[in-house]
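Undergrad: got a sequence here, can you model it:
(one chain, ligands or ions: 1)
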Amino acid sequence: MLVADDYEAMSGAAAELVAGQLREKPDSVFLVPTGTTPLGMYRRLAAMHREEGVSFARATFFNLDEYLGLPADHPASYHAYMEENFYSRVDVDTARVHVPRGAAPEPEAECERYEAAIRDAGGADLCVLGIGRNGHIGFNEPGAPLSSRTRVVRLSESTREVNAVDFEGGLAPESAITVGMTTILESRTALLLASGANKAAAVAAAIDGKVSEAVPASALRRHGRATFIIERVAAWRLTRNTGV
Ligand code: GLP
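TA: Purely as a prediction, here's the structure:
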């Protein structure tokens, strides 16, 4: 675990880790998050591309999740987020960029297709994650089975309220498609980022609490090759160093 002094330090360390993965294996497969937390990391990666020639052209990207029912061109969709904050700013090969299709006519079939695409790509080399205030990762809400794969999930009321800021006049959608816990845990390496004082309780539960399905992020402690980069203001409730 690394406690970063501030948001910029967290973002820089995360971007270095992603760039290091690319240096080692240019055709790496990534699972990638949305949210406010990784924005600084994406900004750094875009700067590394512009200024240092870091290339993403051979890499494959799978987003962790998408709201059910939202078309790709909806401004609050994770398609739109990724395009605006990352994919349009670097040299990704659009054929190797994947986001679950939230508006797919048959969501269950979309989930199976998505899971198969990750498998066919050889699984993820690095899974980058944020953490929800209730400990969720991707959209695996508290109670998500460790055995879960990509599937349709109902969002908790608290998550819908927190994410309402992205939606004009109302809560976030009721459901989403998310990559599952098993899919995340099968990634060869994982990186969880947490920023902001409002994540302190979730961070403490994930790192100091019991490993349990009630706190999905805690499962990463069983992974073996998971790194936690926590901004200092999000780390203040940690009471012991669990060695993660
Ligand atoms: C969202 C996403 C998660 C993200 C989390 C935290 O609901 N589905 O993948 O990690 O919430 O978001 P933020 O970084 O904005 O706090």
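Undergrad: any idea how far residue 203 is from the most centrally placed residue in the chain?
TA: Among the residues of the chain, the one closest to the centroid is residue 33, at 2.6 Å (CA atoms, centre = their mean). According to CB to CB, to the nearest Å, residue 33 and residue 203 sit 15 Å apart. To be clear about C-beta, it is placed using only N, CA and C from the backbone, and glycine gets the same treatment.
Undergrad: swap in residue 123?
TA: 27 Å.
Undergrad: neighbour-wise, which of the two wins?
TA: Using other CB atoms under 10 Å, the more surrounded residue of residue 123 and residue 203 is residue 203, with 26 against 14.
Undergrad: check contacts around the more buried one.
TA: For residue 203, the contact set (CB atoms under 8 Å, 6 or more residues apart in numbering) comprises 131, 194, 228, 230, 234, 235, 237, 238.
Undergrad: so which of these reach the ligand?
TA: Restricting the contacts of residue 203 to those within reach of the ligand (CB under 6 Å from any ligand atom) leaves residue 131.
Undergrad: now the contacts of residue 203 in CSV, with secondary structure, neighbour count and pLDDT?
TA: Shown next, in CSV, are the contacts of residue 203 (DSSP: H, G, I helix; E, B strand; the rest coil; neighbours: other CB atoms under 10 Å; pLDDT from 0 to 100):
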residue, secondary structure, neighbour count, pLDDT
131, coil, 27, 98
194, strand, 25, 98
228, strand, 24, 98
230, strand, 24, 98
234, helix, 26, 97
235, helix, 20, 96
237, coil, 15, 95
238, coil, 18, 93
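Undergrad: switch the contacts of residue 203 over to a markdown table; also include distance to residue 185.
TA: As requested, the contacts of residue 203 are exported to a markdown table (distance: CB to CB, whole Å):
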| residue | distance to residue 185 |
| --- | --- |
| 131 | 15 |
| 194 | 18 |
| 228 | 15 |
| 230 | 20 |
| 234 | 22 |
| 235 | 23 |
| 237 | 25 |
| 238 | 22 |
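Undergrad: between the contacts of residue 203, which is nearest the ligand?
TA: For the contacts of residue 203, the closest approach to the ligand (CB to the nearest ligand atom) belongs to residue 131, at 5.8 Å.
Undergrad: now do the closest one against residue 62, distance only.
TA: Relative to residue 62, and taking CB to CB, residue 131 is found at 19 Å.
Undergrad: pull the number of nearby residues for residue 130.
TA: The tally of other residues near residue 130 (other CB under 10 Å) stands at 21.
Undergrad: do the same with residue 170
TA: 8.
Undergrad: what's the closest non-adjacent residue to it?
TA: Nearest residue to residue 170, sequence neighbours excluded (CB to CB, 6 or more residues apart in numbering): residue 164, at 6.6 Å.
Undergrad: ok, that neighbour to the ligand distance?
TA: Separation of residue 164 from the ligand (CB to the nearest ligand atom, to the nearest Å): 11 Å.
Undergrad: the chain should start at 7 in everything you say after this.
TA: Okay, residue one is now 7; in that scheme the one you just asked about reads as residue 170.
Undergrad: so what's that residue up against?
TA: Counting by CB under 8 Å, 6+ apart, residue 170 makes contact with 176, 177, 178.
Undergrad: mind listing what the nearest residue to the residue nearest to the centre of the chain once chain neighbours are set aside touches?
TA: Among residues not flanking residue 39 along the chain, residue 136 sits closest, at 4.6 Å (CB to CB, 6+ apart). Contacts were defined as CB under 8 Å, 6+ apart; by that measure residue 136 touches 39, 40, 41, 43, 44, 143, 198, 199, 200.
Undergrad: can you rerun that using 6 Å?
TA: Applying CB atoms under 6 Å, 6 or more residues apart in numbering, one finds that residue 136 lies in contact with 39, 41, 43, 199.
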